[in-house]
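Student: Here is the input, now give the coordinates:
(one chain, ligands or ions: 2)
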Amino acid sequence: MSESALLKHPCYNEEAHHHFARMHVAVAPKCNIRCNYCNPKFDCVNESRPGVVSEVLSPEEAGNRVSRTMAQLPNLSVIGIAGPGDPLANAEATFRTFRIMASLDPDLHLCLSTNGLMLPDYVEEIKELGIRHVTVTMNAIDPKIGARVYSHIVYQGQVYRDEAAAALLIERQLQGIEMLAKAGVLCKVNSVHIPEVNGEHLREVTRKVKELGAFSHNIMPLILSPGSFFEKQGFRVPTNEESIEVQRASAEIMPVMRHCRQCRADAVGMLGGDMSQTPEMLPAGQSFDKAARDEIQEQLVSRMKQRSEEPVGDWSSAVRVAVATRGSGEVNQHFGHAKEFLVYEVNDLGESRLIGVRKVQAYCNGLAECGEGGEGGARVFGETVQMLKDCELLLCSGIGKAPASKLQYAGIMPIVCKGEIEQQLKKNVKYLTYFAQ
Ligand SMILES: C[S@@+](CC[C@H](N)C(=O)[O-])C[C@H]1O[C@@H](n2cnc3c(N)ncnc32)[C@H](O)[C@@H]1O
Ligand code: SF4
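Tutor: Ligands and ions are numbered 1, 2, ... in the order given. This next block holds a predicted model:
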């Protein structure tokens, strides 16, 4: 695995996600299993979550779209296939698409995301095509727990249910992960954290996949997709504290990813700044300049290397800070326009680390002054405060007077600033602790 493959992949490298963009192409509509949290049929342009997609593309259409996007986004480094169904249940379209991508630019990083049922059959092809990253979703290693997550699977034309389905799926997933590691393909494992089902069990999953050679574990909170079994049965999503605790327990065993945005299957752009629904992103007839792209990407890598040489301090008294950002590693988003906040911890030496992403609805709907938030603003505001209540500071590029004073009443001090997140965190936390003494 080359160093630059890791450095430039926003989903695998926390620092890269500030700088490099990825594009998912939705060429894989079918699925061969049914997860109780998934309803891939539900499509709404305001939704940004896995499985959601506006339009399924043919491999050739995907090639055209990627080529045009490369002309617009010099920092586009990764092309992924993640659905809206399962890439390996649509193997022909998936691998044809990858071949087209490799012919556009051999330096593009190719990745795919799969439930793993068919993985052992395709590891050889994955390796041959130079696919460097594979994500396998594994929610359990115990078939009893798995039987609560999956309603059925279809394998070699036969339908399996209950524990038999989970046992077969788990066996194939573990076999596939081990084969990937042996083939030198970087493997990340995704798990959906479903509080009453697998919350306590996920550390066992971490242990097992680490043993088999997986590289990192991405534990994502359950999203209650409309129409999914879990939504209809009244299951709940984990609290922020539960998510942090489950991630912490697994992080003692192997690297855990905390910056996942649970993207759409047709997401385009930097994590947190999806542009798939922005039509002007994709004008026809544009070609890209490879030399210019390579130069920009090398500059980004050298900036990232400089930043990563930092010491690690004591985190027991760390301050939690929410940051509104549109990307580039900067505080550059107005509070009222933020659909998500990055939450950092800053220790007494001024060192910071990302601990998660909190998704919210934008407070300002554009119809009223950002200060009042329009109709429904009070409810949205209340939800945002709930999501951020463990934070002491909030950094944003602007905020109306009314929400600023309401935030202070809720114990969150808003600070208007712009610039590099790390610097702003250091500066403003120093300011906070100075006042507290
Ligand atoms: C849509 S899937 C596509 C790839 C493949 N079918 C799979 O499941 O791995 C991408 C990721 O989103 C996760 N996902 C799908 N629906 C979800 C939900 N309702 N809540 C949380 N994660 C979800 C999946 O488990 C998977 O890790
Ligand atoms: S494997 Fe992926 S696409 Fe298939 S049901 Fe599960 S989450 Fe949905």
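Student: where in this structure is pLDDT low?
Tutor: Residues of the chain that meet the criterion pLDDT under 70 lie in 1-20, 40-54, 72-74, 258-288, 293, 296, 299-314, 362-377, 409, 430-437.
Student: quick check: longest helix of it.
Tutor: Longest helix in the chain, counting residues (DSSP state H): helix 162-183.
Student: And the helices in the protein?
Tutor: 3-7, 59-72, 91-104, 119-128, 143-149, 162-183, 195-198, 202-212, 229-232, 240-251, 290-307, 377-387, 401-409, 421-436.
Student: Quick one: residues in contact with the longest helix of the chain.
Tutor: Residues outside helix 162-183 that contact it (Cβ atoms under 8 Å, 6 or more residues apart in numbering) are 33, 115-120, 123-124, 126-127, 134, 136, 138, 140-147, 149-150, 152-153, 155, 160, 186-187, 189, 208-209, 212-214. Using the backbone N, CA and C atoms, a C-beta is placed for each residue, glycine as well.
Student: likewise stretch 423-432?
Tutor: Contacts for stretch 423-432 (Cβ under 8 Å, 6+ apart): 319, 321, 323, 331, 344, 346, 350, 352, 392-393, 395, 413, 415, 417-418.
Student: Looking at these, which one is closest to V25?
Tutor: Nearest to V25 among the contacts of stretch 423-432, counting by Cβ to Cβ, is V323 at 29.9 Å.
Student: returning to that earlier point: contacts with ligand 2 among the contacts of helix 162-183, please.
Tutor: Under the cut-off given by Cβ under 6 Å from any ligand atom, ligand 2 has 33, 115 from the contacts of helix 162-183 close to it.
Student: ok, of the contacts of stretch 423-432, which come out buried?
Tutor: Among the contacts of stretch 423-432, those classed as buried by neighbour count (16 or more other Cβ atoms under 10 Å) are 319, 321, 323, 331, 344, 346, 352, 392-393, 395, 413, 415, 417.
Student: Tell me which two of those sit farthest apart.
Tutor: The widest separation within those (Cβ to Cβ) is 16.7 Å, between S352 and M413.
Student: hang on, the earlier thing: ok, which of the helices of the chain comes nearest G80?
Tutor: Of those, nearest to G80 by Cβ to Cβ is helix 91-104, at 9.9 Å.
Student: Quick check: bridge partners of M23?
Tutor: Listed beta-bridge partners, M23: I79, V268 (assigned using DSSP bridges).
Student: hang on, isn't it packed against S67?
Tutor: No. Look at M23 against S67 with Cβ atoms under 8 Å: they stay out of range, at 10.9 Å.
Student: In terms of packing, which of these two has more residues around it?
Tutor: Between M23 and S67, M23 has the larger neighbour count (other Cβ atoms under 10 Å), namely 23 against 16.
Student: Return the distance of the more buried one relative to M413.
Tutor: 37 Å (Cβ to Cβ, to the nearest Å).
Student: just to revisit the earlier point, between the helices of the chain, which one is closest to ligand 1.
Tutor: helix 229-232 (7.5 Å; Cβ to the nearest ligand atom).
Student: Centre of the chain to the closest one, how far?
Tutor: Taking Cα atoms, centre = their mean, to the nearest Å, one finds the center of helix 229-232 at 22 Å from the center of the full chain.
Student: residues from the stretch 101-250 of the chain in reach of ligand 2?
Tutor: Within the stretch 101-250 of the chain, the positions near ligand 2 by Cβ under 6 Å from any ligand atom are N115.
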